[in-house]
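S.K.: need a 3D model of the following:
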Amino acid sequence: MHAEYQHFDQVKDAIKRLEQKHKTTTFKSGTEENKVIKEIETLKASLPKAKRFSEIKPLVTDLISKKSEIWAELKEVKREVEAKELEIEGIRKQMEVVKDDKSDIKDQADKITKQIEAHDEEITKHFNMKRETSDEYYKNKYDFEVQREEVNHIQWLAMQKEKVQQRDKDREVMIEMKQLQIKNLPHPF
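M.R.: Have a look, this model is predicted:
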């Protein structure tokens, strides 16, 4: 690639100018003419590279502008990161204070937990007493119900016995009355 001409159009224009110069100018020496010819050949050889460069140049320019935008964003992000790090450091200090307070609170919580456990034991003891009392009550109630049923059954049996005895008496009385009626009947013979 030529140092002075980098764009394809610049290289083509330079070739035209040098060819025009070669045709229209009379050179004082052959070295000057050879120098111009060599320059034309160098420019012609650099044409594909210049063409490729002309194609790539807008992409490179675009990438450079994007790089600049990204650097600007990165600087902004760095500023934000620094600000957040300061916030984090402040929060870290607050957390250390909270951590110290937390150990005090933990000691208080342990005391309260011990009190709760003592109350739980007492409550459990009272519930056990209540359960025992309740069991005893229901056992006594059941025994009472069984006794009452037995008494009712015995009373019912006694009543049934009286009814049967009364019926038997009534039957005997009835039989005696019938026998008496039969005796008191006129004798047919």
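S.K.: hey, let's count contacts and neighbours off CA atoms from now on
M.R.: Will do.
S.K.: quick check: which ranges of the protein have low pLDDT?
M.R.: 1-8, 11, 22, 26, 188-189 (pLDDT under 70).
S.K.: in this structure, which spans are strands?
M.R.: Taking DSSP state E as the criterion, the chain carries no strands.
S.K.: longest helix of it, counting residues only.
M.R.: helix 47-184 (DSSP state H).
S.K.: centre of the chain to that one, how far?
M.R.: 21 Å (Cα atoms, centre = their mean, to the nearest Å).
S.K.: what does stretch 62-76 contact?
M.R.: By Cα atoms under 8 Å, 6 or more residues apart in numbering, no residue outside stretch 62-76 reaches it.
S.K.: can I get the CA coordinates of it in PDB?
M.R.: Output in PDB follows, covering the C-alpha atoms of stretch 62-76 (Å, rounded to 0.1, in the frame of the first residue of the first chain):
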ATOM      1  CA  ASP A  62     -17.700   2.400  12.400                       C
ATOM      2  CA  LEU A  63     -15.800   0.000  14.700                       C
ATOM      3  CA  ILE A  64     -13.700   2.900  16.000                       C
ATOM      4  CA  SER A  65     -16.800   5.000  16.700                       C
ATOM      5  CA  LYS A  66     -18.400   2.000  18.500                       C
ATOM      6  CA  LYS A  67     -15.200   1.500  20.400                       C
ATOM      7  CA  SER A  68     -15.300   5.100  21.500                       C
ATOM      8  CA  GLU A  69     -18.900   4.700  22.600                       C
ATOM      9  CA  ILE A  70     -18.100   1.500  24.500                       C
ATOM     10  CA  TRP A  71     -15.200   3.200  26.200                       C
ATOM     11  CA  ALA A  72     -17.500   6.100  27.200                       C
ATOM     12  CA  GLU A  73     -20.100   3.600  28.500                       C
ATOM     13  CA  LEU A  74     -17.300   1.700  30.300                       C
ATOM     14  CA  LYS A  75     -16.100   4.900  32.000                       C
ATOM     15  CA  GLU A  76     -19.700   5.600  33.100                       C
END
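S.K.: give the buried residues for that stretch.
M.R.: By neighbour count with 16 or more other Cα atoms under 10 Å, stretch 62-76 contains no buried residues.
S.K.: just to check, Glu19 is in contact with Glu39?
M.R.: No: contact criterion Cα atoms under 8 Å: Glu19 and Glu39 do not qualify, at 9.9 Å.
S.K.: anything in contact with each of the two?
M.R.: With the criterion set as Cα under 8 Å, 6+ apart, the contacts of Glu19 and Glu39 do not overlap.
S.K.: ok, Leu47 - how many residues close by?
M.R.: 23 (other Cα atoms under 10 Å).
S.K.: got it, and the one 3 residues further on?
M.R.: Neighbourhood size, Ala50 [other Cα under 10 Å]: 24.
S.K.: quick check: it vs Lys12, distance?
M.R.: Going from Ala50 to Lys12 by Cα to Cα, to the nearest Å gives 10 Å.
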